[in-house]
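Peer 1: My questions concern the predicted model and sequence given below.
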Amino acid sequence: MESIVRAVSTHRRAIVIDMFFVLAIVFLPSLSHLLAFPLYRLEPMRLLLILALPFAARGNSYLLALILPLVSLITSGHPQLAKALLMTGELLLNVWLFWWLAGRLGSRFGAMLGGIAGSKLCYYGVKLLLIRMAVLNPPLVGTALWIQGSLALIFSLYIFIVFSRSENRPAQVAAKS
């Protein structure tokens, strides 16, 4: 029991973030109906994943990528199983590409933009294959590409700002001393 308490206190921030984001996915369909706006067009799973990325360990990002589509499938029946698995793969690839590119490019903005673009290209390639195999129904692109591109830029800018602030914080504290 003591080890559980220690683990919870160590990972408190990640647990709170994960619980909040899982609840957000659970209530997303109701909120969409209430607002009369299809919130799925704003890529809520990617949004939540990217919001959490700077504030939790890498492993937590992978965990969110795994559970958000599954929670959505279980609680709302959407997306269908094949698409939920496809979305899980896309989100996992997005996280991996981000960290891989961040280590190579040195630019968090470029790493996130490249991570989103790379994972989307893979997503659409596999989705096309699944449509041709009659596992998924058309259309290939459900949300306009200009919306997806705009969101990719916004998400990348968010990552750039948050990581820039956290990287500059120790330097600012040292300068004031």
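Peer 2: Good, I have the coordinates. Numbers count the residues shown, from 1 in each chain.
Peer 1: What is the longest helix belonging to the chain packed up against?
Peer 2: For the chain, the helix that runs over the most residues, judged by DSSP state H, is helix 145-176. Counting contacts by 3 or more CB pairs under 8 Å, 6 or more residues apart in numbering; DSSP states H and E, helix 145-176 packs against helix 44-52, helix 108-132. Backbone N, C-alpha and C define where each C-beta goes, glycine included.
Peer 1: Return the most buried member of those helices.
Peer 2: Greatest average neighbour count among those goes to helix 44-52 (a mean of 21), per mean count of other CB atoms under 10 Å.
Peer 1: Test my guess that residue 50 contacts residue 155.
Peer 2: Yes: between residue 50 and residue 155 there is a contact at 4.8 Å, judged by CB atoms under 8 Å.
Peer 1: anything in contact with each of those two?
Peer 2: Taking CB atoms under 8 Å, 6 or more residues apart in numbering as the contact definition, residue 50 and residue 155 share the neighbouring residues residue 112.
Peer 1: by how many degrees do the longest helix of the chain and helix 44-52 diverge?
Peer 2: Computed by axes from the mean of the first three to the mean of the last three CA atoms, to 10 degrees, the angle separating helix 145-176 from helix 44-52 equals 10 degrees.
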